[in-house]
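> just a sequence and a predicted model for now, questions to come.
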Amino acid sequence: MAGRVAARAHTNIALIKYWGKRDEALYLPTSTSLSLTLSSLYTDTRVSFDDDAFEDVLLLDGQIQDAASTAKVTRVVNLFRERYGVGSAAPRVRVESHNHVPTAAGLASSSSGFAALATALRALFEERYPDAPRMSDTELSTFARRGSGSATRSIFGGFVEWAYGTGSEDSVAVPVDDAQWDVAMVLVALSTQKKKISSTYGMKHTADTSAFYPLWREVSERDLDDVRAGIRERDIDRVGAAMEANCMKFHATMFAANPPFTYLTSRSLAVIEYIQELRAHEGLSVYYTMDAGPNVKVLCRRSEQQRVHELLEERFPDVTLFDAVAGPAPRTLTEKEWEELYG
Ligand code: 2P0
């Protein structure tokens with residue numbers, strides 16, 4: 001049916017973290033970040049024009065969302081209204097979203113959420129306003145960025161950088177490598193509770209108060225160079241070691257904030273210790289990283305993923321594990337696909 005489009009976008013996990021905005025309105029980062037898009041965690045979003053409505057509407061897993069969540073969506077939709085030259089004359093938009101990611105548990109649902117929204121909106125506006133200039137994937141990533149920084153990187157598959165850029169036009173996603181080699185992740189979900197400190201607040205508080213934050217950009221760039229070299233060489237041990245080092249510096253900025261805080265728990269540390277043990281004693285290429293939550297993401301070889309999964313399951317029988325390999329760029333879904341999935 002015309003005026004209705006659906007898209008799927010995959011979540012991503014940062015190997016080199018984004019942690020701070022140099023421009024809060026434009027979502028410009030204080031450093032370049034790099035991630036792996038994941039196969040098994042994604043968001044499906046359908047958007048439609050509603051010519052009779054007065055407000056945009058957001059439904060997440062069938063539930064109407066509150067004004068604050070809807071306002072974030074409206075902010076992004078307004079950018080599309082402006083880009084396609086239709087201003088406030090454009091009709092309201094209804095957004096229906098289904099997350100195949102535990103929401104707000106440090107498993108990065110905002111990355112897939114805003115990437116799926118931006119991808120669906122591009123298709124919707126291009127269909128309705130065909131005379132406007134086409135939007136490339138690179139430009140699309142700047143629209144995903146304005147919803148949530150990490151969503152920028154979900155506009156491509158595999159390993160993706162989000163460039164620092166000089167301004168809004170070139171702070172974009174850049175695909176680095178399709179990651180179709182011996183790379184995988186096992187996600188250790190220790191908590192699927194909504195986090196107490198949002199990423200947006202956590203990064204601002206850290207940037208404003210942390211004694212270590214002035215060093216963040218510089219040390220992060222060095223880790224980034226190492227990860228890039230590891231990817232070029234297809235050397236998972238080099239990639240993993242630099243990823244871990246960046247993760248610990250990232251968490252150290254929060255330990256040094258005022259007042260200090262951390263997203264890590266004793267259970268995160270127990271998983272870290274076990275990963276170190278597996279590396280030292282089992283000879284496995286396993287490396288950890290944690291984001292704005294307690295969950296641990298384990299980078300490993302695809303050829304060793306099953307063994308890593310089994311060992312983690314045995315040691316931590318009460319946690320939920322998600323296996324993933326490199327995921328693809330977003331794509332639109334057909335009406336038939338949507339109907340079969342969500343009725
Ligand atoms: C990342 N995180 O690079 C970092 C590492 C969490 C830790 O991007 O304020 O939800 O919407 O831009 O993107 C999570 O922060 O924050 C995040 P906003 P976002 O993946």
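Yep, that arrived. Residues are numbered from 1 along each chain as shown.
> against Gly147, how distant is the residue sitting furthest away from the middle of the chain?
Centroid-distance maximum for the chain: Asp52 at 33.5 Å, with Cα atoms, centre = their mean. Taking Cβ to Cβ, to the nearest Å as the measure, Asp52 falls 25 Å from Gly147. Placement of C-beta: from N, CA and C, glycine included.
> cool, Ala89 as well?
22 Å.
> what residues does the stretch 101-250 of the chain have near the ligand?
Applying Cβ under 6 Å from any ligand atom, we find that the stretch 101-250 of the chain lies next to the ligand at Ser110, Ser148, Gly149, Ser150, Ser199, Thr200.
> drop anything exposed from these.
Restricting these to buried positions leaves Ser110, Ser148, Gly149, Ser150, Ser199, with burial counted as 16 or more other Cβ atoms under 10 Å.
> next secondary structure after the helix or strand of the chain with the lowest mean pLDDT?
Each helix and strand of the chain was given a mean pLDDT (mean pLDDT, DSSP states H and E); the minimum falls on strand 320-324 at a mean of 93. Counting by DSSP states H and E, the next helix or strand C-terminal to strand 320-324 is strand 331-333.
> let me know the helix or strand that Pro214 is in.
Secondary-structure assignment from DSSP H and E places Pro214 in helix 213-233.
> and whatever helix or strand comes next after that helix, what does it pack onto?
Using DSSP H and E, the next helix or strand after helix 213-233 towards the C-terminus is helix 236-255. Based on contacts counted as 3 or more Cβ pairs under 8 Å, 6 or more residues apart in numbering; DSSP states H and E, the elements that helix 236-255 packs against are strand 4-16, helix 199-209, helix 213-233, strand 286-290, strand 296-300.
> partner strands of the first one, with direction?
The one in question is strand 4-16. Taking DSSP bridges as the criterion, strand 4-16 pairs within the sheet with strand 33-50 (antiparallel), strand 331-333 (antiparallel).
> out of those strands, which comes closest to the ligand?
Distances from the ligand to each of those were compared using Cβ to the nearest ligand atom; the shortest belongs to strand 33-50, at 4.7 Å.
> just checking, what packs against the very next helix or strand once past that closest one?
Following strand 33-50 in sequence order, the next helix or strand is strand 57-60 (DSSP H and E). Contacting strand 57-60 under the criterion 3+ Cβ pairs under 8 Å, 6+ apart are the following elements: helix 67-83, strand 92-100.
> pick the most deeply packed of the ones you listed.
For these, the largest average neighbour count (mean count of other Cβ atoms under 10 Å) is found in strand 92-100, namely a mean of 20.
> dump it to PDB, keeping only the CA atoms.
The C-alpha coordinates for strand 92-100 follow below in PDB (Å, rounded to 0.1, in the frame of the first residue of the first chain):
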ATOM      1  CA  ARG A  92       2.000  13.300  10.700                       C
ATOM      2  CA  VAL A  93       3.700   9.900  10.800                       C
ATOM      3  CA  ARG A  94       2.700   6.800  12.600                       C
ATOM      4  CA  VAL A  95       5.700   4.600  13.700                       C
ATOM      5  CA  GLU A  96       5.400   1.000  14.700                       C
ATOM      6  CA  SER A  97       8.500  -0.600  16.000                       C
ATOM      7  CA  HIS A  98       9.400  -4.200  17.100                       C
ATOM      8  CA  ASN A  99      12.600  -4.700  18.900                       C
ATOM      9  CA  HIS A 100      14.500  -8.000  18.700                       C
END
